[in-house]
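Peer 1: Here is the input, now give the coordinates:
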Amino acid sequence: MVSTVLRPLVTILHPHRPDRWRCTAGLGSRSVNDRRARLVSQPPEHDSDGTGVALVSATPTFDFVVAANRLPVDRVVDDDGVARWQASPGGLVTAMDSVMQGRRAAWVGWAGVPDEDVTPFDRDNVRLHPVVLTAQEIQDYYEGFSNETLWPLYHDVIVPPRYRRSWWAAYREVNQRFAECVAEVAAPGAIVWIHDYQLQLMPSLLRELRPDVRIGWFNHIPFPPVELFGQLPWRDTVLRGLLGADFLGFQRRNDAANFARACQQLLGAHATGDVITWAGDERQHG
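Peer 2: Reported below is the predicted structural model:
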């Protein structure tokens, strides 16, 4: 049995696993039996690339991993042509800062520059792992499927969503790449917190690669009623992607209810109270 919670601050219990654990306040606490995942590699040597951060020469693993479309930093170049990283504006960066401090933490995301393979580096005691995206993938996965398909559909805006198979293919490919990167850096039994509508396939993709990790996903935009969501040609795949998580967070109770109804009507899931049962798994929501 898998229990998945669909609200931001809740308690998650996984009674089907031998290492029972509890997680509160958005995946923030230790396990019930206070077991911490062992690191499987030693801290690497560090070098400097002149941007004010420490580069890493190996791939250690981390107990707490955040995955989001963007890294929490932007690369800027001053008047002398010197590049450096500075903190990005935005609520997610601010909110996650307090959660990640004091942990063995990593953040996986795009560095904001197309076709650039940036070496992982440390900033503010958090390991940043850039994911490489080509210019075409940015156009198709981000500008296309994320912003011209999902965004208007989920917000029910006046401009109708646009559907293209090439956008969908890029969306799947990028979600797979993110999952592979997180699978590489997550320690055994790590907590992984995935963010937003750009990475809705990632929970199930990561679950296939790393069934040992605890996966949470939070949506920072509305989740639409099934009458709207059902217009998406790949609706079932998106729902199955999200159901790979142990925890699903939404902004409002109505958003969680919309997701539960979509699972019922489109996947044939059974929802009773705070539990969604689908394909033999029970998913808790609230």
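Peer 1: hang on, Ala67 in a helix?
Peer 2: No - counting by DSSP: H, G, I helix; E, B strand; the rest coil, Ala67 falls outside a helix, being strand.
Peer 1: Relative to Arg214, how far out is it?
Peer 2: Separation of Ala67 from Arg214 (C-beta to C-beta, to the nearest Å): 13 Å. The way it works is simple: take the backbone N, C-alpha and C, and place the C-beta from them, glycine included.
Peer 1: swap in Ala135?
Peer 2: Per C-beta to C-beta, Ala135 is found 35 Å from Arg214.
Peer 1: Which one's more surrounded, the two?
Peer 2: Arg214 (22 against 10; other C-beta atoms under 10 Å).
Peer 1: Tell me the spacing between that one and Gln231.
Peer 2: Arg214 sits 32 Å away from Gln231 when distances are taken as C-beta to C-beta.
Peer 1: Gly102 too?
Peer 2: Using C-beta to C-beta, we find Gly102 at a distance of 44 Å from Gln231.
Peer 1: just Arg210 next, same as before
Peer 2: In this structure, Arg210 and Gln231 are 32 Å apart, going by C-beta to C-beta.
Peer 1: out of these two, which sits in the busier spot?
Peer 2: Shown here are Arg210 and Gln231; by other C-beta under 10 Å, Arg210 has more neighbours (19 against 13).
Peer 1: Now do stretch 159-168, average pLDDT.
Peer 2: Mean pLDDT, stretch 159-168: 96.
Peer 1: Can I get that stretch in PDB? Just the C-alpha atoms.
Peer 2: Below are the C-alpha coordinates for stretch 159-168, written out as PDB (Å, rounded to 0.1, in the frame of the first residue of the first chain):
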ATOM      1  CA  VAL A 159      -6.200  31.700 -25.100                       C
ATOM      2  CA  PRO A 160      -6.800  28.000 -25.800                       C
ATOM      3  CA  PRO A 161      -4.000  25.500 -25.300                       C
ATOM      4  CA  ARG A 162      -2.000  24.300 -28.300                       C
ATOM      5  CA  TYR A 163      -1.100  20.600 -28.800                       C
ATOM      6  CA  ARG A 164       1.900  19.300 -30.700                       C
ATOM      7  CA  ARG A 165       3.300  15.800 -30.700                       C
ATOM      8  CA  SER A 166       6.900  17.200 -30.900                       C
ATOM      9  CA  TRP A 167       6.300  19.300 -27.800                       C
ATOM     10  CA  TRP A 168       5.000  16.300 -25.900                       C
END
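Peer 1: Tell me which residues are up against it.
Peer 2: If you take C-beta atoms under 8 Å, 6 or more residues apart in numbering as the criterion, stretch 159-168 is touched by 140-141, 144-145, 148-153, 231-234.
Peer 1: and the residue nearest the centre of the chain, what is it in contact with?
Peer 2: For the chain, the residue nearest the mean C-alpha position is Ile194 (1.6 Å; C-alpha atoms, centre = their mean). Contact partners of Ile194, counting by C-beta under 8 Å, 6+ apart, are Val66, Ala67, Ala68, Met202, Pro203, Leu206, Ile215, Gly216, Trp217, Phe218, Ala245.
Peer 1: And Phe145, by the same measure?
Peer 2: Arg164, Trp167, Trp168, Ala170, Tyr171.
Peer 1: Narrow those residues to those that are buried.
Peer 2: Trp167, Trp168, Ala170, Tyr171 (16 or more other C-beta atoms under 10 Å).
Peer 1: ok so, going back, take the contacts of Ile194 and keep only those in strands.
Peer 2: Val66, Ala67, Ala68, Ile215, Gly216, Trp217, Phe218 (DSSP state E).
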